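Asks: Pasted the sequence and its predicted model underneath.
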Amino acid sequence: MEELFCKDCRFYLPVDVFTGLCKISKKSVIPDDSGCEKSEKSVKCKFCMNFTSEREYLGKCMESTLAYPDMNAIKCEFFKWIERN
């Protein structure tokens, strides 16, 4: 099972670059903290079958459009979850 961070959870609400809020616990959290047992993956480019990573913080969507791995893809019509074995 892959490790999720708070910033990867659908219940994470960013406040600024350094902090955020957990919508479940209502507590302040750091984006790179490990996710809790209630974590659910957020719809982000890095979890999409159409995303190809090119560098640490940059990749391409469908091999043509630049995209960031942590970019929110909630409204992307081409988003498909990566299937894990």
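Replies: Thanks, I have the structure now.

Asks: What is the burial count for the residue nearest to Val17 when sequence neighbours are not counted?
Replies: Residue nearest to Val17 in three dimensions, not counting chain neighbours: Pro31, with 8.0 Å by Cβ to Cβ, 6 or more residues apart in numbering. Backbone N, C-alpha and C define where each C-beta goes, glycine included. By other Cβ atoms under 10 Å, 18 other residues sit near Pro31.

Asks: just Lys44 next, same as before
Replies: Here the count is done by other Cβ under 10 Å, and Lys44 has 21 residues near it.

Asks: One more: Ile74?
Replies: Residues near Ile74, counting by other Cβ under 10 Å: 9.

Asks: how about it, what does it touch?
Replies: Ile74 sits next to Val43 when contact means Cβ atoms under 8 Å, 6 or more residues apart in numbering.

Asks: Provide the secondary structure category for it.
Replies: Of the three states, Ile74 takes coil under DSSP: H, G, I helix; E, B strand; the rest coil.

Asks: Could you check how far it is from Cys48?
Replies: Remark: distance between Ile74 and Cys48 (Cβ to Cβ, to the nearest Å) = 11 Å.

Asks: Tell me the pLDDT of Met1.
Replies: You'll see Met1 listed with a pLDDT of 53.

Asks: Let me know the outermost residue of this structure.
Replies: Taking Cα atoms, centre = their mean, the residue of the chain most remote from its mean C-alpha position is Ser64, at 20.4 Å.
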